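**Student:** Predicted coordinates and the sequence they were generated for:
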Amino acid sequence: MTIRVLAFARLREILGVPEADLELPTGARVADAWAALARGRAALEFERSSTRAACNGSIVPFDAPLREGDEVAFLPPVGGG
Amino acid sequence: MTIRVLAFARLREILGVPEADLELPTGARVADAWAALARGRAALEFERSSTRAACNGSIVPFDAPLREGDEVAFLPPVGGG
Amino acid sequence: MFAIVRDPIDLRELECIVRPGDGGVATFLGVVRETAGDGRPVTGLFYEAFEAMAVHEFETIAGEARERFGDVKLAIVHRVGELRVGEISVAIVAAAAHRAAAFDACRYAIDELKSRAAIWKQERYADGNAAWIGA
Amino acid sequence: MFAIVRDPIDLRELECIVRPGDGGVATFLGVVRETAGDGRPVTGLFYEAFEAMAVHEFETIAGEARERFGDVKLAIVHRVGELRVGEISVAIVAAAAHRAAAFDACRYAIDELKSRAAIWKQERYADGNAAWIGA
């Protein structure tokens, strides 16, 4: 299935693009999307513990299941204001 | 001696003018200036307990002495904002 | 900037107090409401001030705010005369490096202004009556 | 009014939320400071947002403020992109019948926005370096 991935701030810089499509096997979870991104990007490993995930605009745990067409956003610590 | 008197809001309305000169005997106090205004103006009696006095811009007690040329302001309860 | 003004308050003038090190600006605007405290319809308010004393009180209040909340810059302007519903009667701008001091100083200033400054307000009602409102 | 904007924030648009029954309007402006938290000179800030989520969070925060502080109307606008020193990054306007609710809601909104909203800030230093600032 195809998942849309968004990344912001430091994560966007490490990823190199603000968004990308990922092909994941049916039954994949948010953590699998993260692992797919982290492959070959060692810098992402250091970000994992401070990163939150949102699926279709709502914060979800990393073990949340994904469905075809979901939009998964990876959010580093926020700093607006 | 001549004293300048200022009155605001309700007190100004009762007095009929925003300011006036009063002739008072040497040694007169703020309370004497008030009494001179209150003569013939019964409505001022009801205002006395809620009125503060300022002499030359600073709050003073009613027994404060006055000097020639002083500016005495009578202030009803404030209500700015 | 501490002033009693007769014309509509220009907030941009007050905002000139913001300094390059200020990261937080808290503002309070008092607006003429369409109803009195007791619910009666109001057509407008009339304000008057003992200008010299009121301005001096604004300066004193700003000094007290600096003592309490640290390096905060304040502007306090109150309008006098006839105001219609929706018009701004008082504007306070507080600027500081961080937001806590700006908020605290702004709130302190309006609270103290209302309870201490030589300013008076008359409510004018739809039925033609009017009443002076004392704190 | 809840928005992420790219152009300079127009405070007059936010102030349109004021209703005829509102007597107190509290505003907060976040301004780009010339120094970072650690004292280093800053040439500007770069903000980015997950716009849909940030705007939704603004709405949620406004709803929470109404639950806590009563009938208060909020506008929250955050700017993104490159901002220079002195420019406004965020503006919050809170309007209520009385000043306590307006102040409380304004402060609640900026506190919550800073800790929760999907917005990121990069400090850009005079020496050419840059760093993302996390809450």
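**Tutor:** That came in fine, so what should we check first?
**Student:** Please list the residues of chain A that sit near chain D.
**Tutor:** Contacts of chain A with chain D, taken as C-beta under 8 Å from any C-beta of the partner chain, map to A:6, A:8-10, A:12, A:50, A:54, A:57, A:73, A:75-81. Every C-beta, even on glycine, is put in place using the N, C-alpha and C of the backbone.
**Student:** brain fart, chain C
**Tutor:** Checking chain C against chain D by C-beta under 8 Å from any C-beta, the hits are C:11, C:18, C:20-35, C:85-86, C:95, C:97, C:99, C:102-103, C:106-107, C:110.
**Student:** which of the residues you listed count as buried?
**Tutor:** C:11, C:18, C:22-35, C:85, C:95, C:97, C:99, C:102-103, C:106-107, C:110 (16 or more other C-beta atoms under 10 Å in any protein chain shown).
**Student:** among those residues, which are in helices?
**Tutor:** C:11, C:99, C:102, C:103, C:106, C:107, C:110 (DSSP state H).
**Student:** from those, which two are the most distant?
**Tutor:** Across those, the longest distance by C-beta to C-beta is 18.6 Å; it joins C:11 and C:99.
**Student:** coming back round to it: which among the residues of chain A next to chain D gets closest to chain B?
**Tutor:** Of all these, chain B sits closest to residue A:81, with 28.8 Å by C-beta to the nearest C-beta.
**Student:** Let's see the pLDDT reported for that closest one.
**Tutor:** With respect to pLDDT, residue A:81 scores 93.
**Student:** what does residue A:40 give?
**Tutor:** pLDDT, residue A:40: 88.
**Student:** Give the helix, strand or coil label for it.
**Tutor:** Per DSSP: H, G, I helix; E, B strand; the rest coil, the secondary structure class of residue A:40 is coil.
**Student:** What is the burial count for it?
**Tutor:** Neighbour count for residue A:40, taken as other C-beta atoms under 10 Å in any protein chain shown: 7.
**Student:** got it, and residue C:36?
**Tutor:** Neighbours around residue C:36, by other C-beta under 10 Å: 16.
**Student:** swap in residue A:13?
**Tutor:** 16.
**Student:** On the three-state scheme, it is what?
**Tutor:** From three-state DSSP, the assignment for residue A:13 is helix.
**Student:** other SSEs contacting the helix or strand of chain A with the lowest mean pLDDT?
**Tutor:** Across the helices and strands of chain A, mean pLDDT, DSSP states H and E gives its lowest value to helix A:42-45, namely a mean of 90. Where contact means 3 or more C-beta pairs under 8 Å, 6 or more residues apart in numbering or on different chains; DSSP states H and E, helix A:42-45 is packed against helix A:9-15, helix A:30-38.
**Student:** Which stretches in chain C count as strands?
**Tutor:** Per DSSP state E, chain C carries strands over the ranges C:2-5, C:24-31, C:42-49, C:72-79, C:81-84, C:88-96, C:119-125, C:130-133.
**Student:** now the angle from the fourth one to strand C:119-125?
**Tutor:** It stands for strand C:72-79. Relative orientation of strand C:72-79 and strand C:119-125, computed by axes from the mean of the first three to the mean of the last three C-alpha atoms, to 10 degrees: 50 degrees.
**Student:** so where's chain A shaky on pLDDT?
**Tutor:** Chain A contains no residues with pLDDT under 70.
**Student:** hmm, 90 instead?
**Tutor:** A:40, A:45 (pLDDT under 90).
**Student:** And the residue of it that's closest to chain C?
**Tutor:** residue A:81 (8.1 Å).
**Student:** Reduced to three states, what does that residue come out as?
**Tutor:** Applying three-state DSSP: residue A:81 is coil.
**Student:** give the contact list for it.
**Tutor:** D:30, D:89, D:90, D:110, D:113, D:114, D:119, D:121 (C-beta atoms under 8 Å, 6 or more residues apart in numbering or on different chains).
**Student:** Would you mind measuring from it to residue D:113?
**Tutor:** From residue A:81 across to residue D:113, the span is 6 Å (C-beta to C-beta, to the nearest Å).
**Student:** thinking again about what came up before, now for the contacts of residue A:81, which sits with the most neighbours around it?
**Tutor:** residue D:119 leads these on contacts (other C-beta under 10 Å) with 28 neighbours.
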